[in-house]
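Here is my input, please return the structure:
(chains A and B)
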Amino acid sequence: EADIYQTPRYLVIGTGKKITLECSQTMGHDKMYWYQQDPGMELHLIHYSYGVNSTEKGDLSSESTVSRIRTEHFPLTLESARPSHTSQYLCASSEWGGNTEAFFGQGTRLTVV
Amino acid sequence: GENVEQHPSTLSVQEGDSAVIKCTYSDSASNYFPWYKQELGKGPQLIIDIRSNVGEKKDQRIAVTLNKTAKHFSLHITETQPEDSAVYFCAASMRGLTGGGNKLTFGTGTQLKVEL
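Purely as a prediction, here's the structure:
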């Protein structure tokens, strides 16, 4: 069982609200990622981090922002939510070094009304 | 950047039959090819992976083959069971220049349904 946690699991929020999706891992992993998953299943990398104070944009442009102040914590923030932000957001982490397994959280399903 | 194509998008098999999912990748520098299984309401979980110095790897009912020349790799599930029903993703990545970074590029997913 992976020790990576996302909260909340489900969130319904009104347009224009600011939201933060939480992601924490207890494995001491340096690398962390945020993926957006379409209803059609595709996984798109939107942010990643290689360690504290490191953040990079992923392959899919996103209006969200991330921060990495602590190794174990990688929150994602939307300053002003819109219906187009409705999606499933998955957080993942992996060890430093060559190609290694990515451990995923259970995801946050966000609905913006 | 890397591009990974996955087929089929849906696959329905009878219990006990075999299932095969195929992926192709574009970047010849990719050297790591994991497969993830995502059950309903959960995040993807690694089920098997293969590195570019190996042509085939097997773990009980699951096997993966890699053809570096053709840039394609496949997942084989034998003796399928209802609990194999899930979405399966292939992925590819390469070792980053710094040695620490590798970003996974995922395929589009295959919904596997094992029918009784």
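
Ends of stretch A:88-100, what's the gap?
Chord length of stretch A:88-100, first to last residue, is 24 Å (C-alpha to C-alpha, to the nearest Å).

Return the set of buried residues in it.
Neighbour-count burial for stretch A:88-100, counted by 16 or more other C-beta atoms under 10 Å in any protein chain shown, picks out A:88, A:89, A:90, A:91, A:92, A:93, A:94, A:98, A:99, A:100. Every C-beta, even on glycine, is put in place using the N, C-alpha and C of the backbone.

tell me, which of these make contact with chain B?
Filtering those for proximity to chain B (criterion: C-beta under 8 Å from any C-beta of the partner chain) leaves A:90, A:92, A:98, A:99, A:100.

Which secondary structure element is home to the fourth one?
Assignment of secondary structure by DSSP states H and E places residue A:99 within no helix or strand.

Now the two most distant members of the ones next to chain B among the buried residues of stretch A:88-100.
Greatest spatial distance in those: A:90 and A:98, 22.5 Å, computed using C-beta to C-beta.

circling back to that earlier point, now distance to residue B:31 and pLDDT too, for the ones next to chain B among the buried residues of stretch A:88-100, in CSV please.
Formatted as CSV, those follow (distance: C-beta to C-beta, whole Å; pLDDT from 0 to 100):
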residue, distance to residue B:31, pLDDT
A:90, 24, 97
A:92, 20, 95
A:98, 9, 64
A:99, 7, 72
A:100, 13, 79
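
Tell me the one of these nearest residue B:28?
Distances from residue B:28 to these, taken by C-beta to C-beta, are shortest for residue A:99, at 15.5 Å.

Kindly provide the distance from that closest one to residue A:36.
In this view, residue A:99 and residue A:36 are 22 Å apart by C-beta to C-beta, to the nearest Å.

out of the ones next to chain B among the buried residues of stretch A:88-100, who's nearest chain B?
Nearest to chain B out of those is residue A:99 (C-beta to the nearest C-beta; 3.3 Å).

Quick one: residues contacting residue B:36.
Applying C-beta atoms under 8 Å, 6 or more residues apart in numbering or on different chains, we find residue B:36 in contact with A:104, B:44, B:45, B:46, B:47, B:88, B:89, B:91, B:106.

So in terms of bridging, what pairs with it?
As for beta bridges, residue B:36 partners with residue B:46, residue B:89 under DSSP bridges.

residues touching the residue nearest to residue B:26 when sequence neighbours are not counted, list them.
Spatial nearest neighbour of residue B:26, chain neighbours left out: residue B:3 (4.3 Å); criterion: C-beta to C-beta, 6 or more residues apart in numbering or on different chains. Residue B:3 makes contact with B:25, B:26, B:27, B:105 under the criterion C-beta under 8 Å, 6+ apart.
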